[in-house]
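> Quick one, structure for this:
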Amino acid sequence: MTLYAAKIKVSGRVQDVSFRSFTKRNADIVGIKGFVRNISNAVEVVAEGDKDNIEVLIEAIRSGPERAIVKNVDVEWRPYSGMYPDFKVIY
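Have a look, this model is predicted:
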């Protein structure tokens, strides 16, 4: 298992479509820690855990929930910090 972190910015129609709860469900399924929150005209995800599991989460994010229209997913890989005890939705 190789531990990594990723900062992910998702743009398109990703607010007011349950994107944060969708991301949390998928992060919990694959055991990713970190958070998701709305930022100006986008959604930001910080994900930490096994790199393969982060990549599974990124693929789910690319599809998004049913009402979302994901136009762009920017991923910035970072060193693992271990600072997140779980995955949270920040409101």
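
> Could you use CA atoms for every contact and neighbour count after this?
Will do.

> where does residue 52 land in three-state SS?
helix (DSSP: H, G, I helix; E, B strand; the rest coil).

> where along this structure do the strands fall?
With DSSP state E as the criterion, the chain has strands at 3-13, 33-39, 42-50, 69-78, 87-90.

> on contacts alone, who are the packing partners of the longest one?
Read that as strand 3-13. strand 42-50, helix 51-63, strand 69-78 (3 or more C-alpha pairs under 8 Å, 6 or more residues apart in numbering; DSSP states H and E).

> ok, 7 Å please
Here strand 3-13 touches strand 42-50, strand 69-78, going by 3 or more C-alpha pairs under 7 Å, 6 or more residues apart in numbering; DSSP states H and E.

> For residue 26, which of the strands of the chain is the nearest?
strand 87-90 (10.1 Å; C-alpha to C-alpha).

> elements contacting the closest one?
helix 19-30, strand 33-39.

> Buried residues of it, list them for me.
87-88 (16 or more other C-alpha atoms under 10 Å).

> cool, and stretch 75-82?
For stretch 75-82, by 16+ other C-alpha under 10 Å, it's residue 80.

> returning to that earlier point: ranking the helices and strands packed on strand 3-13 by burial, who's on top?
strand 42-50 (a mean of 23; mean count of other C-alpha atoms under 10 Å).

> Which strands or helices does that one pack on?
strand 3-13, strand 33-39.

> Report the strands that pair with the first one, each with its relative direction.
Within its sheet, and counting by DSSP bridges, strand 3-13 is paired with strand 42-50 (antiparallel), strand 69-78 (antiparallel).

> Report the angle between it and helix 51-63.
0 degrees (axes from the mean of the first three to the mean of the last three C-alpha atoms, to 10 degrees).

> Now do strand 3-13: everything it contacts.
41-51, 68-80 (C-alpha atoms under 7 Å, 6 or more residues apart in numbering).

> Please identify which of the strands paired with strand 3-13 is closest to residue 85.
strand 42-50 (10.0 Å).

> Just the residues contacting the closest one, thanks.
Here strand 42-50 has contacts from 1-12, 14, 32-38, 54, 80, using C-alpha under 7 Å, 6+ apart.
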